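A.B. asks: one predicted model, sequence on top.
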Amino acid sequence: PEGALTVTVSGSSKSLPGTEVELVKVTDFAEYPGKGRATGGVRCHRFLKDEDALVSAWAGPAPAIATTTTGIPIELPQTYGKRDGSGIAVSLPIFAIGSRTH
């Protein structure tokens, strides 16, 4: 859909919840093909060193917003990343992702 975004958050499965350094990436939904190739899927987030888990993912209307467990807003990247790129470090662990659009 027009104006839709995807947000992906990567981290390490070896970290305790709430303590890991997470990388977040915001991508325009139109970057994703409607169908994967013969491999059966499309990569949405490239892991960097010490990352091995997709911690969270969200798709919905722009603008995307994120919060901590206590409701503190987390600034998401304003520039969109490549569909198969890695993310940008965020200052606090992300608990929830949503949109201001209803």
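C.D. replies: Great, that's in hand. As the structure is a prediction and not an experimental result, all values here were calculated from the model.
A.B. asks: please make it C-alpha for all contacts and neighbour counts, starting now.
C.D. replies: Will do.
A.B. asks: any idea what the closest residue to W58 other than its chain neighbours is bridged to?
C.D. replies: For W58, ignoring the flanking residues on the chain, the nearest one in space by CA to CA, 6 or more residues apart in numbering is V7 at 5.1 Å. Beta bridges link V7 to V26, W58, judged by DSSP bridges.
A.B. asks: how near is V7 to A96?
C.D. replies: Distance of V7 to A96, given as CA to CA, to the nearest Å: 11 Å.
A.B. asks: if you count what's nearby, which of these two comes out ahead?
C.D. replies: Set V7 next to A96 and count neighbours by other CA atoms under 10 Å: V7 wins out with 27 against 16.
A.B. asks: hang on, the earlier thing: pretty sure the residue nearest to W58 is touching T27, no?
C.D. replies: Yes - using CA atoms under 8 Å, V7 is in contact with T27, at 6.4 Å.
A.B. asks: give me the distance from the helix or strand of the chain with the lowest mean pLDDT to the chain's centre.
C.D. replies: Counting by mean pLDDT, DSSP states H and E, the weakest-scoring helix or strand in the chain turns out to be strand 88-89, with a mean of 84. On the basis of CA atoms, centre = their mean, to the nearest Å, strand 88-89 sits 10 Å off its chain's mean C-alpha point.
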